[in-house]
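Novice: Take a look and give me a structure for this.
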Amino acid sequence: MNLLHRPLVPLLVAFLLAVPVSAQTAGAPAPALRDGDRVVFYGDSITAQRLYTRFAEDLMVSRYSKERISFFNAGVSGDSVEGGHEGDIETRLKRDVLPLRPSVVTIMLGMNDGRYTTEFDSNFNAYASGYKKLIALLRELVPGVRLVLIRPSPYEEFAHPPAIAGYNSVMLRYGQFLSELGEKEHIPVVDFNQPVTAAVLRGMQVNPAVAGSLLPDRIHPSPAGHWIMAAALAQAWNFSPTVSSATIAADQARAIEQSNTTISELQSANDKLSWTQLDRALPIPLEMNDPITQFLLQASDLASLDRQILRVTGLIAPLHTLSIDGKKIGTFTREELNLGVNLALYQTPMEDQAKSIDWAADDRAKLSGTRFALLTSTESDTSRHEAIDSLDRLDREMIDREYRNAQPKPHTFELSIGAK
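Specialist: Okay, the predicted model is just below:
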């Protein structure tokens, strides 16, 4: 079933090209994550879904494949700032975080701390004191660790009839506390609540039924909702929105602009323009043929983080067909190509390569869940350490494969006159 009211790609192209790539990349800050970083995501069941964590990994690896950054999940269902059924915070940190040797730890807690009531003061006081204790303990146990505080994601009250009317206002007040705490402690704070809520509201204008699926139980986001949260986290890490940008003057058979890419073997013959292009990054691994992806791109700002721009000037014929590695990508007007086409919004070989990163990250997420179950359910079995060591070796092999999959590859582009 087609969930869209109108074609998406032309609308997004016009929006994304309104700001020149040079304006976005000039003087852009360096990514906050560095080569060799080990990132641990600490949180409750929303983190334990292993989705925004996996998608954040996808985003950073696809855009920065030369930097070796490892990502690990330490989310536990039901957790609060005091811990939960798998142990108090000291147990959790020493068992689930320290052995992963993190240089960066993100914390997302709060949904369970509100106790699913709008009665505020006593629950908030416990949240505030527990959160401060958690930060202090992390700093004590992991000297020099770089922390990221995440404002609680929303309790959704717009697309669904409210079950606990006003509970998201509790999450917002918790988030405001974290912003103030982060400022005081010099810790960056990321907001998951606002962008997801905004996507629900915007999505209700596009398709109310699908908008309700962003948080189907009001608490746990769907994969589409997790993409929005992952994008917010990546932006806080100074994620570059640019995959690449290239401008080719067809009448001169010359590349006049190359940003984060290299164009070679450019030639014009027999009503065709062809070249080899090697981008130094990959687009976000999304399934462009999936209606839910198209809904997500309309309801959120995710597309603004995915700019893989091809401009071709000096064309005479009204229509031109672009192929990459022999695969037809689309037919574009002279005006569209002169303005620029965002290839990240199309199913390209580069998009296919990026998906292999997500497949590897998904495998790691599944292995992470198995490792945690083994770690917590066999504490009395001393032989479990050998099994966990084996899983850790396998995980390192998976990371190697993920980064091999992410390395840029050259592609053959061909632009021919007319609709093919």
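
Novice: contacting residues around the nearest residue to T53 once chain neighbours are set aside?
Specialist: Nearest non-adjacent residue to T53, counting by C-beta to C-beta, 6 or more residues apart in numbering: F41, 4.4 Å away. Using the backbone N, CA and C atoms, a C-beta is placed for each residue, glycine as well. Listed by C-beta atoms under 8 Å, 6 or more residues apart in numbering, the contact partners of F41 are T47, T53, A56, F71, F72, N73, A74, G75, V105, T106, M108.

Novice: Generate a PyMOL selection restricted to the buried subset of those residues.
Specialist: Buried residues within those, by 16 or more other C-beta atoms under 10 Å, are selected in PyMOL with:
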select buried, resi 47+53+56+71+72+73+74+75+105+106+108
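
Novice: Among the contacts of F41, which ones are in strands?
Specialist: Residues of the contacts of F41 located in strands (DSSP state E): F71, F72, N73, A74, G75, V105, T106, M108.

Novice: For the third one, name its beta-bridge partners.
Specialist: In other words, N73. F41 (DSSP bridges).

Novice: how near is it to R139?
Specialist: 21 Å (C-beta to C-beta, to the nearest Å).

Novice: likewise the fifth one?
Specialist: Computed with C-beta to C-beta, the distance linking G75 and R139 is 20 Å.

Novice: and if you look at the first one?
Specialist: When C-beta to C-beta is the yardstick, F71 and R139 sit 21 Å from each other.

Novice: What is the nearest of the contacts of F41 to V81?
Specialist: Ranked by distance to V81 (C-beta to C-beta), these are led by M108 at 11.0 Å.

Novice: That closest one: what's it in contact with?
Specialist: Contacts for M108 (C-beta under 8 Å, 6+ apart) come out as F41, Y42, G43, D44, I46, T47, I150, P152, S153, F192.

Novice: what bridges to it?
Specialist: Residues in beta-bridge contact with M108 (DSSP bridges): G43.

Novice: show me where the stretch 101-250 of the chain has helices.
Specialist: For the stretch 101-250 of the chain, the helices defined by DSSP state H, counting those that start in this stretch occupy 121-141, 167-185, 193-206, 208-211, 223-236.

Novice: Tell me which of the ones you listed is the most buried.
Specialist: helix 223-236 (a mean of 23; mean count of other C-beta atoms under 10 Å).

Novice: quick check: angle from that helix to strand 104-108?
Specialist: Calculated by axes from the mean of the first three to the mean of the last three C-alpha atoms, to 10 degrees, helix 223-236 forms an angle of 130 degrees with strand 104-108.

Novice: what's helix 223-236 in contact with?
Specialist: So helix 223-236 is in contact with 32, 49, 51-56, 58-60, 106, 148, 150, 153, 188, 190-192, 195-196, 199, 213-215, 221, 239, 286, 292-293, 295-296, 300-302, 305, going by C-beta under 8 Å, 6+ apart.

Novice: The same query, at a cut-off of 6 Å, please.
Specialist: Residues from elsewhere that reach helix 223-236 (C-beta atoms under 6 Å, 6 or more residues apart in numbering): 51-52, 55-56, 59, 188, 190, 192, 195-196, 199, 214-215, 292, 296, 300, 302, 305.

Novice: What is the distance between it and the centre of its chain?
Specialist: Helix 223-236 sits 5 Å away from the centroid of its parent chain (C-alpha atoms, centre = their mean, to the nearest Å).

Novice: Which parts of the protein belong to which domain?
Specialist: As recorded under automatic domain parsing, the domains making up the chain are 7-28+242-420, 34-239.

Novice: For those domains, give me JSON lines that also has mean pLDDT.
Specialist: JSON lines is the format used below for the domains of the chain (pLDDT from 0 to 100):
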{"stretch": "domain 7-28+242-420", "mean pLDDT": "88"}
{"stretch": "domain 34-239", "mean pLDDT": "97"}
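
Novice: most packed of those?
Specialist: domain 34-239 comes out most buried of the domains of the chain by mean count of other C-beta under 10 Å, with a mean of 19.

Novice: For the most far-flung residue of the chain relative to its centre, give me phi and psi.
Specialist: Here the centre of the chain is the reference, and by C-alpha atoms, centre = their mean the most remote residue is N270, at 42.1 Å. Dihedral angles of N270 (phi, psi; degrees, to the nearest 10) stand at phi 50, psi 50.

Novice: The helix or strand that contains E335: what's the following helix or strand?
Specialist: Using DSSP states H and E, E335 sits in helix 334-339. Using DSSP H and E, the helix or strand that follows helix 334-339 in sequence is strand 341-342.

Novice: how big is the angle separating the helix or strand following that following strand from strand 70-75?
Specialist: With elements assigned by DSSP H and E, the helix or strand that comes after strand 341-342 is helix 349-377. Computed with the same axes, to 10 degrees, the direction of helix 349-377 lies at 50 degrees from that of strand 70-75.

Novice: Check which helices and strands helix 349-377 sits against.
Specialist: Secondary-structure packing of helix 349-377 (3 or more C-beta pairs under 6 Å, 6 or more residues apart in numbering; DSSP states H and E): helix 52-63, helix 384-406.

Novice: Turn these into TSV, columns for distance to K328.
Specialist: Formatted as TSV, the helices and strands packed on helix 349-377 follow (distance: least, C-beta to C-beta, whole Å):
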stretch	distance to K328
helix 52-63	24
helix 384-406	24
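
Novice: out of the ones you listed, nearest to G36?
Specialist: Smallest distance to G36 across those (C-beta to C-beta): 12.3 Å, for helix 384-406.

Novice: who does the helix or strand that that closest one is followed by pair up with?
Specialist: Where DSSP H and E defines the elements, the next helix or strand beyond helix 384-406 is strand 411-417. The strands beside strand 411-417 in its sheet (DSSP bridges) come out as strand 272-279 (antiparallel), strand 319-324 (antiparallel).

Novice: contact partners of the first one?
Specialist: Which is strand 272-279. 244, 250, 261-267, 408, 410-416.

Novice: Can I get the strands paired with strand 411-417 in JSON lines including distance to T370?
Specialist: Below are the strands paired with strand 411-417 laid out as JSON lines (distance: least, C-beta to C-beta, whole Å):
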{"stretch": "strand 272-279", "distance to T370": "35"}
{"stretch": "strand 319-324", "distance to T370": "38"}
